[in-house]
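Asker: Model the structure of this input:
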Amino acid sequence: MLPTRDAAKRAINLSLNAKVIDTARALGMNISQTVDQLLAAEVERLYWQRWNEGNQKAIAHYNARIAKEGLPLARYRSFMKGG
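Answerer: Okay, the predicted model is just below:
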């Protein structure tokens, strides 16, 4: 996914619930910043959800291979050995 943290801002028009906007303003909230953060979080969540759905077959194949063959470098994992 493309990094979005330092991306330029763009003005858009939104239609939002008037009572919610009035209350948010009364509470001193920065509406643009709040919507930007919430939208970014939802975009990231949906992006990874779709990525996981689109790669389910490959993930299942990889997990089956690891279950059958083990991790490729497992013998070098000294922290996993008892004693």
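Asker: What separation do you get for Ala74 and Ile66?
Answerer: Using CB to CB, to the nearest Å, we find Ala74 at a distance of 10 Å from Ile66. Backbone N, C-alpha and C define where each C-beta goes, glycine included.
Asker: actually Ile12, not the one I wrote
Answerer: Counting by CB to CB - Ile12 and Ile66 are separated by 45 Å.
Asker: These two: who's more crowded?
Answerer: Ile66 (12 against 7; other CB atoms under 10 Å).
Asker: Quick check: mean pLDDT of the helix or strand hosting that one?
Answerer: For Ile66, the host element (DSSP states H and E) is helix 56-69. For helix 56-69, mean pLDDT is 95.
Asker: Looking at the chain, which helix is longest?
Answerer: helix 31-54 (DSSP state H).
Asker: That one versus helix 56-69: what angle between them?
Answerer: If you take axes from the mean of the first three to the mean of the last three CA atoms, to 10 degrees, helix 31-54 sits at 60 degrees to helix 56-69.
Asker: Tell me the secondary structure at the closest residue to Ala40 other than its chain neighbours.
Answerer: Take Ala40 and drop its neighbours on the chain: the residue closest to it by CB to CB, 6 or more residues apart in numbering is Thr4, 5.8 Å away. On the three-state scheme (DSSP: H, G, I helix; E, B strand; the rest coil), Thr4 is labelled coil.
Asker: surely Thr4 meets Glu42?
Answerer: No. Taking CB atoms under 8 Å as the definition, Thr4 is not a contact partner of Glu42, at 11.9 Å.
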